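Engineer: build me a model:
(2 chains)
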Amino acid sequence: MNWISEWALPKIKTLFGAPREMPDNLWHKCPSCEKMIFQNDLEANLRVCTHCGHHMRLSSKQRLDATLDEGWQRADIEKVPLDPLRFKDQRRYADRLKEAQAKSGMEDAVMVGHGAIAGQRAVVAVFEFAFMAGSMGAGVGEALVTAARLAVLQDAPLVVFASSGGARMQEGAVSLMQMPRTVIATQMVKDAGLPFIVVLCDPTTGGVTASFAMLGDIQIAEPGALIGFAGARVIEQTVREKLPEGFQRAEYLLANGILDMVVKRAEMRPTLARLLALLRGEPRAEAA
Amino acid sequence: MRHFLDFEKPIAELEGKLEELRRTTDAGGLDLHEEIEKLRDKAEKLLAATYAKLTPWQKAQVARHPERPKCLHYVEALIEDWTPLAGDRAFGEDAAIISGLGRFRGRPVAVLGTEKGHDTETRVKHNFGMAKPEGYRKARRIMQLAGRFNLPILSFVDTSGAFPGIEAEARGQAEAIARSIEAGLEAPVPFVATIIGEGGSGGAIALATADRVLMLEHAIYSVISPEGCASILWRDATLAPQAAEALKLTAEDLKRLNLIDTVITEPLGGAHRDTAATLASVGDAVAAALDPLLKLDGPTLKARRRDKFLEMGRSAVA
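Structural biologist: Numbers count the residues shown, from 1 in each chain, chains lettered A, B, ... in the order given. Have a look, this model is predicted:
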């Protein structure tokens, strides 16, 4: 299916002329500074506001394109049983899931790509926040285990861009068990002596932060990203105190010693490339 | 005075009447033995019938029953030479997590658990069983200590979840839980976890990445509380009974989903009606789970534990 949606369809669209963009879509209002940005400029700037530097969400595909060298490949992820609890709230979970799958062309909320970062082999797993808020169920667990196995197989480091509301409630304790499962994925990579780097993007919370996403050899976050275990509202209700300015933001975590660095999107790829080269201990040509 | 749950009202009424009759008999007066016998029979039947078909929401009430035996009751009953150990060596001591060394049926073990407390004073002391980062970091330290000295790890889990607070977040609650999960998976020693009351989310799994996970019959184990789930998915916390149903959080459900290994039967009417019997059957179940693990070496234990958790969510369940 991938080649159809990623290659054939765009070709057909080019041949027959893509539907013309509505003027509404030409401009985008920054949710932070509320200034208008020309859509093409925003995309060219990796969805970082050209006025105030606010980092907006990237799709998993955009993220992989921005991180990996051209020619990267998407890894196949085995299907897991759908809807293990036959969960139904106001709607059936199975229906929500199928809808998210149809909309995204993804099996679940993580896309795994492999290729190279500035010439160095790497496996990169990226959360798609638009897919049920990037929540973690068996499908996400499977994607991360697949990414880890692929990294070990290819003797490549694993980089995960996390962005998730936390556990996927509709999978109940099955989603809870993805916490140990994804921790095992990080252990596989570390056991093989390979670097595991986590980039926390806006937002990363709950069971995702309390498992693999806090276990990176290096912990990076994007500016302004919301990162935490408990939700702000729950904390406010429990402690009945006003939350401090910038609470649970990337810069707050950096100041509290929970992150190694906060890195702007434009600097992400060169930073990752430099880190991977340093961690893998390859001397540069001049030192040889 | 026994604490009765809402759905136990009819049982409470019968037992109240029974008590009255007994008092009348004791006071001399009438001989009501036959009546008492009949009423007792009726009350027992009602109790059995009620507990035979508890809804998931009712089980959540039983799991949180104020008189249900708590972690320290198990430690007291099952662990000899109990030697509590304190502190995470970095920030503080968290009384929500119990940890220490002792003997289980003669064998030295490391013990971990979440303690909710049994009265106002102890509930406050143990922060209602909601641990902070220093608690999970202490747990990790104890698991690593157990690994170094080849001590099996026994854990007793009863928590509504990790503490949601400003300082807890500032000190890295998420990282502390993740490291505790990691330490449990890495431990090269037998690890048996028992969910004795409430297995609440990340705060529970932090102490439950075990070779064998046991669960009391009326305990619950879930990714989120029924109330929390209802307020998010239904936008109405009063729909917690529906959420409890949907979350499949009972021991029976989790066993069927292959997420836990053993269900431990509770005394009729729940663990709180016969604490001594509950403590004894948990002791037997832990011993039965631990015994075969003692024959395995560290690498085998770790490999099997990994394989077990890696499988969760992958296999289809009928």
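
Engineer: quick one, what contacts the closest residue to chain B within chain A?
Structural biologist: Distances between chain A and chain B by Cβ to the nearest Cβ are smallest at residue A:138, namely 3.0 Å. (Each C-beta comes from the backbone N, C-alpha and C, glycine too.) By Cβ atoms under 8 Å, 6 or more residues apart in numbering or on different chains, the contact list for residue A:138 reads A:80, A:81, A:84, A:171, A:174, A:175, A:178, B:312, B:313, B:314.

Engineer: make sure residue A:76 is indeed in a helix.
Structural biologist: No. Per DSSP: H, G, I helix; E, B strand; the rest coil, residue A:76 lies outside any helix segment and is coil.

Engineer: what about it, how many residues close to it?
Structural biologist: As a burial measure, residue A:76 scores 11 neighbours (other Cβ atoms under 10 Å in any protein chain shown).

Engineer: find the nearest non-adjacent residue to it, please.
Structural biologist: Nearest non-adjacent residue to residue A:76, counting by Cβ to Cβ, 6 or more residues apart in numbering or on different chains: residue A:146, 8.0 Å away.

Engineer: the one you found contacts residue A:111, doesn't it?
Structural biologist: No. Here residue A:146 does not reach residue A:111: they are 10.9 Å apart, not a contact under Cβ atoms under 8 Å.

Engineer: hmm, back to that, could you check which helix or strand contains the residue nearest to residue A:76?
Structural biologist: For residue A:146, the host element (DSSP states H and E) is helix A:138-153.

Engineer: buried residues in that helix?
Structural biologist: A:138-152 (16 or more other Cβ atoms under 10 Å in any protein chain shown).

Engineer: what's the answer for stretch A:42-61, then?
Structural biologist: A:42, A:46-49, A:53-61.

Engineer: now do the end-to-end distance for that stretch.
Structural biologist: For stretch A:42-61, the first-to-last residue distance is 16 Å (Cα to Cα, to the nearest Å).

Engineer: so which residue is dead centre in chain B?
Structural biologist: residue B:196 (2.0 Å; Cα atoms, centre = their mean).

Engineer: could you look up the SS state of that one?
Structural biologist: Strictly by three-state DSSP, residue B:196 counts as strand.

Engineer: next, residue 123: phi, psi?
Structural biologist: Reading this off chain A. phi -110, psi 130 (degrees, to the nearest 10).

Engineer: can I assume residue A:184 is in contact with residue B:308?
Structural biologist: No. With contact taken as Cβ under 8 Å, residue A:184 and residue B:308 are classed as non-touching, separated by 10.0 Å.

Engineer: which secondary structure element contains residue B:109?
Structural biologist: With DSSP H and E as the test, residue B:109 turns up in strand B:107-114.

Engineer: below-threshold pLDDT in the stretch 1-150 of chain A: ranges please.
Structural biologist: In the predicted model, the stretch 1-150 of chain A carries pLDDT under 70 at residues A:1-24.

Engineer: show me what the strand or helix carrying residue A:253 is in contact with.
Structural biologist: Assigned by DSSP H and E, residue A:253 belongs to helix A:250-255. Residues outside helix A:250-255 that contact it (Cβ under 8 Å, 6+ apart): A:200, A:221-225, A:227, A:244, A:246, A:259, A:261-262, B:170.

Engineer: that older thread, so which of the contacts of residue A:138 is the most crowded?
Structural biologist: residue A:178 (32 neighbours).

Engineer: list the residues that contact that one.
Structural biologist: Neighbours of residue A:178 in contact, by Cβ under 8 Å, 6+ apart: A:136, A:137, A:138, A:140, A:141, A:167, A:207, A:211, B:312, B:313.

Engineer: next: residue B:301.
Structural biologist: Counted by Cβ under 8 Å, 6+ apart, residue B:301 has contacts B:187, B:188, B:189, B:190, B:191, B:211, B:293.

Engineer: before we move on, which element is the nearest residue to residue B:76 once chain neighbours are set aside in?
Structural biologist: Counting by Cβ to Cβ, 6+ apart, the nearest residue to residue B:76 once its immediate chain neighbours are dropped is residue B:82, at 7.4 Å. Element membership for residue B:82 (DSSP H and E) is strand B:79-84.

Engineer: show me what that strand is packed against.
Structural biologist: strand B:97-104, strand B:107-114 (3 or more Cβ pairs under 8 Å, 6 or more residues apart in numbering or on different chains; DSSP states H and E).

Engineer: all helices of the stretch 101-250 of chain A, in order?
Structural biologist: A:138-153, A:172-176, A:178-191, A:232-239, A:250-255 (DSSP state H, counting those that start in this stretch).

Engineer: which of those has the lowest mean pLDDT?
Structural biologist: Among the helices of the stretch 101-250 of chain A, helix A:232-239 carries the lowest mean pLDDT, a mean of 88.

Engineer: list the buried ones in it?
Structural biologist: A:232, A:235, A:236.

Engineer: how about it and chain B, touching?
Structural biologist: Yes. On the criterion Cβ under 8 Å from any Cβ of the partner chain, helix A:232-239 is in touch with chain B at A:234, A:235, A:238, A:239.

Engineer: so which elements touch that helix?
Structural biologist: Looks like helix A:232-239 contacts helix B:166-170 (3+ Cβ pairs under 8 Å, 6+ apart).

Engineer: I'd like the mean pLDDT over the helix it packs on, please.
Structural biologist: Here the average pLDDT along helix B:166-170 is 96.

Engineer: what's the angle from the next helix-or-strand element following it to strand B:97-104?
Structural biologist: As assigned by DSSP H and E, the chain's next helix or strand after helix B:166-170 is helix B:173-186. Here helix B:173-186 points in a direction 20 degrees away from that of strand B:97-104 (axes from the mean of the first three to the mean of the last three Cα atoms, to 10 degrees).

Engineer: helix B:173-186 and chain A, are they touching?
Structural biologist: Yes. Against chain A, helix B:173-186 shows contacts by Cβ under 8 Å from any Cβ at B:173, B:174, B:175, B:177, B:178, B:179, B:181, B:182, B:184, B:185, B:186.

Engineer: just these now: which is nearest residue B:114?
Structural biologist: Proximity of these to residue B:114, judged by Cβ to Cβ, is greatest for residue B:177, which lies at 12.2 Å.

Engineer: please tell me how far the residue nearest to that closest one when sequence neighbours are not counted sits from residue A:82.
Structural biologist: Distance criterion Cβ to Cβ, 6+ apart; nearest residue to residue B:177, sequence neighbours excluded, is residue A:210 at 4.0 Å. Noted for residue A:210: a distance of 25 Å to residue A:82, by Cβ to Cβ, to the nearest Å.

Engineer: of the two, who's got more company?
Structural biologist: Applying other Cβ under 10 Å to residue A:210 and residue A:82 shows that residue A:210 carries more neighbours, namely 32 against 18.

Engineer: and the residue of chain B that's closest to chain A?
Structural biologist: residue B:313 (3.0 Å).

Engineer: rewinding a little: and residue A:184 and residue B:308? Which one has more around it.
Structural biologist: residue A:184 (26 against 19).

Engineer: report the contact partners of that one.
Structural biologist: A:145, B:185, B:306, B:309, B:310.
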